[in-house]
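Undergrad: Structure for this input, please:
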Amino acid sequence: MRLFTRRFYKNFRTIKEEFIGKPINYLEIGVFLGSTAEWVIENVLTNENSRYYGIDPWEWFKPLHKRFPTEEIWKSKMLDTIDNLREKYKDKAQFIKGYSQEILLENRWKKNFFDLIYIDGNHTIHSVLRDFVLTWPLLKVNGIMMFDDYLQGHNDQVKKAVDVILDGLGSRKYGQYAQDSKIQILWQNYAVGIRKLKE
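TA: Predicted coordinates for the structure are as follows:
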């Protein structure tokens, strides 16, 4: 199991039993090479009616050059991996190529559709906030939203965006002026997990 998958599991195991065996809908923004997707499908989406939806543009960008020196190498590796996942989980998963804001604005999912949403897309303040705004109405009450890379040494933009979200929703830690918190913070370390308590 890769490091980020192990770290994901360390947090996720605290809520895992709540979802195993139940028919749930799971959305992941930022699939990359699908390690987290595969783990979730295999270990959490065990009910035959559970579904996984992953959104990613699957584009090569400069920070990838250490692992994939050229765009051609990246495309070859990425296309093979995603094609294999599509075939392996064709009855349970949809891997959607595109930018999250465009896919989400197509209104392909109804309000309160998802039980779990994992945001790990573009790590800029605007992108994190946009992904949140577009997915929050899609998350069921008592559903869980997760943000990866909250504490990322070389980039604090995810943290800044998530802190704004926590304060805006009136978390007990950040929203000291809020009358009524809409969330419960489940974990807050290298990632953040929140439960939606109300609309």
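Undergrad: what are the ranges of the helices in the protein?
TA: 3-12, 16-19, 35-43, 71-88, 100-105, 125-135, 157-168 (DSSP state H).
Undergrad: Give me the buried positions along the strand ranked longest in the chain.
TA: Looking across the chain with DSSP state E, the single longest strand is strand 139-147. Buried residues in strand 139-147, defined by neighbour count with 16 or more other C-beta atoms under 10 Å: 139, 140, 143, 144, 145, 146, 147. In this view, the C-beta of every residue, glycine as well, is placed from N, C-alpha and C.
Undergrad: does the last one have beta-bridge partners, and which?
TA: Assessed by DSSP bridges, residue 147 has beta-bridge partners residue 119, residue 192.
Undergrad: Quick one: neighbours of residue 69, just the number.
TA: Number of residues near residue 69 (other C-beta atoms under 10 Å) recorded here: 10.
Undergrad: quick one: it from residue 113, how far?
TA: 40 Å (C-beta to C-beta, to the nearest Å).
Undergrad: What of residue 79?
TA: Taking C-beta to C-beta, one finds residue 79 at 29 Å from residue 113.
Undergrad: List the contacts of the closest residue to residue 188 other than its chain neighbours.
TA: Leaving aside its sequence neighbours, residue 188 sits nearest to residue 150 (C-beta to C-beta, 6 or more residues apart in numbering; 7.0 Å). The contact partners of residue 150, by C-beta atoms under 8 Å, 6 or more residues apart in numbering, come to 158, 159, 162, 188, 189, 190, 191, 192.
Undergrad: So residue 119 sits against residue 29, correct?
TA: Yes. Counting by C-beta atoms under 8 Å, residue 119 does reach residue 29; the two are 5.1 Å apart.
Undergrad: Which one of the contacts of residue 150 is nearest to residue 83?
TA: residue 191 (28.4 Å; C-beta to C-beta).
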